[in-house]
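Enquirer: Sequence and predicted structure, then a few things I'm wondering about:
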Amino acid sequence: MTGSLGDSLDRALEKVFTRPAPKSAQAQMKYLVKQLKGTKAAAAALGVHSGPWNGTSRGS
């Protein structure tokens, strides 16, 4: 699944932008969100859900 996200990110960056993509994953996501003007658009480009995520773990 990670490969498909990376491939989606690469395709999205190649289609829309001319400058080289940042190297780190965090920088790539920040760049993509900025260029697409929002997290929902970035999530749609990657084909993933953009809903809120709670960082606390459940269970135990």
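Expert: Everything's here; your move. Numbering: from 1, shown residues only.
Enquirer: Quickly find the element holding L13.
Expert: According to DSSP states H and E, L13 maps onto helix 2-16.
Enquirer: just checking, next helix/strand downstream of that helix?
Expert: helix 25-36.
Enquirer: buried ones in the helix holding L13?
Expert: Buried residues in helix 2-16, counting neighbours by 16 or more other C-beta atoms under 10 Å, are found at L9, A12, L13. For every residue, glycine as well, the C-beta is placed using N, CA and C.
Enquirer: And for the lowest-mean-pLDDT helix or strand in the chain, what's in contact with it?
Expert: Least confident helix or strand, the chain: helix 2-16 with a mean of 75, by mean pLDDT, DSSP states H and E. If you take C-beta atoms under 8 Å, 6 or more residues apart in numbering as the criterion, helix 2-16 is touched by A21, Q28, M29, Y31, L32, Q35, L36, A45, L46, G47, V48.
Enquirer: can you pick the most crowded of these?
Expert: When neighbours are counted by other C-beta atoms under 10 Å, L32 leads the contacts of helix 2-16 with 23 neighbours.
Enquirer: Grab the nearest non-local neighbour of it.
Expert: What sits nearest to L32 in space, not counting adjacent residues and going by C-beta to C-beta, 6 or more residues apart in numbering, is A42, at 4.8 Å.
Enquirer: Can you name the helix or strand that the one you found falls in?
Expert: According to DSSP H and E, A42 maps onto helix 39-46.
Enquirer: What lies in contact with that helix?
Expert: Helix 39-46 is contacted from outside by L5, S8, L9, A12, M29, L32, V33, L36, H49, S50, using C-beta under 8 Å, 6+ apart.
Enquirer: Give me the residue at the spatial middle of this structure.
Expert: M29 (4.5 Å; C-alpha atoms, centre = their mean).
Enquirer: I'd like the mean pLDDT over stretch 45-53, please.
Expert: The pLDDT scores in stretch 45-53 average 77.
Enquirer: Only C-alpha atoms, please: export it in CSV.
Expert: Provided in CSV are the C-alpha atoms of stretch 45-53 (Å, rounded to 0.1, in the frame of the first residue of the first chain):
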residue,chain,number,x,y,z
ALA,A,45,-4.9,13.3,-5.4
LEU,A,46,-3.5,10.4,-3.3
GLY,A,47,-6.7,8.5,-3.2
VAL,A,48,-6.8,8.3,0.6
HIS,A,49,-9.3,9.5,3.3
SER,A,50,-8.8,13.0,4.6
GLY,A,51,-10.8,12.7,7.8
PRO,A,52,-9.6,13.6,11.3
TRP,A,53,-7.3,11.2,13.0
